[in-house]
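Asker: turn this into a model:
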Amino acid sequence: MADYLIPDELVYTAEDEWVRRDGDTDEVVIGVTDFAQNQLGDIVFVEFPDAGASTESGAAFGTIESVKAVSDLFAPLSGEVLAINEALEDAPELVNEACYGDGWLIKLRVSDIAEIDGLMDAAAYRASVAERDS
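Answerer: Got it, this is the predicted structure:
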């Protein structure tokens, strides 16, 4: 298995997205994982919902396009989009360069923060990646 960066302080989805909670609030930041950006290759375009839009856990909320493929982005949690990473409009390659930093996708106000308990911790996500990357 290749060495992918999988930070312990984040939680993850089976669709290779990460979620970082902003303190004790009901706000989270969402992005794609190092494994996902590596599998996709060079990111050339990202499409998001507008701020204020609603997301539903498990439903597509946008797309990410690379030189290899176009993939749907799936909402890990239900809620309201507070902000999108507008920097990706001009520099989608930030997803490849800093997927856990400047390459984040959206900020969300979660409808039910308890939904976060249904996501994978880093150890479970590492196991998921290892199974698919062998």
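Asker: ok, for the residue nearest the centre of the chain, nearest residue in space, not its chain neighbours?
Answerer: When Cα atoms, centre = their mean is applied to the chain, the residue found nearest the centroid is Gly31 (2.6 Å). In space, and not counting its chain neighbours, Gly31 is closest to Trp104: 4.3 Å by Cβ to Cβ, 6 or more residues apart in numbering. In this view, the C-beta of every residue, glycine as well, is placed from N, C-alpha and C.
Asker: how about Tyr12?
Answerer: Tyr125 (3.8 Å).
Asker: that neighbour: which element?
Answerer: Assigned by DSSP states H and E, Tyr125 belongs to helix 122-132.
Asker: can you count the residues close to Ser130?
Answerer: Careful, residue 130 is Ala; it's not Ser. 13 (other Cβ atoms under 10 Å).
Asker: for it, give its distance to Pro7.
Answerer: Ala130 sits 16 Å away from Pro7, going by Cβ to Cβ, to the nearest Å.
Asker: first-to-last residue distance for stretch 63-83?
Answerer: 16 Å (Cα to Cα, to the nearest Å).
Asker: if I pick the closest residue to Met120 other than its chain neighbours, what's in contact with it?
Answerer: Of all residues not flanking Met120 in the chain, Tyr12 sits nearest, at 4.6 Å (Cβ to Cβ, 6+ apart). Counting by Cβ atoms under 8 Å, 6 or more residues apart in numbering, Tyr12 touches Ile6, Trp18, Val19, Thr33, Leu119, Met120, Asp121, Ala122, Ala124, Tyr125, Ser128.
Asker: out of those residues, which is most surrounded?
Answerer: Trp18 (28 neighbours).
Asker: residue ranges with poor pLDDT in the chain?
Answerer: 1 (pLDDT under 70).
Asker: so how far is Ala127 from the residue of the chain most remote from its centre?
Answerer: Distance to the chain centre peaks in the chain at Ser134, reaching 22.5 Å (criterion: Cα atoms, centre = their mean). Relative to Ala127, Ser134 is positioned 11 Å away (Cβ to Cβ).
Asker: please apply the same query to Val81.
Answerer: 30 Å.
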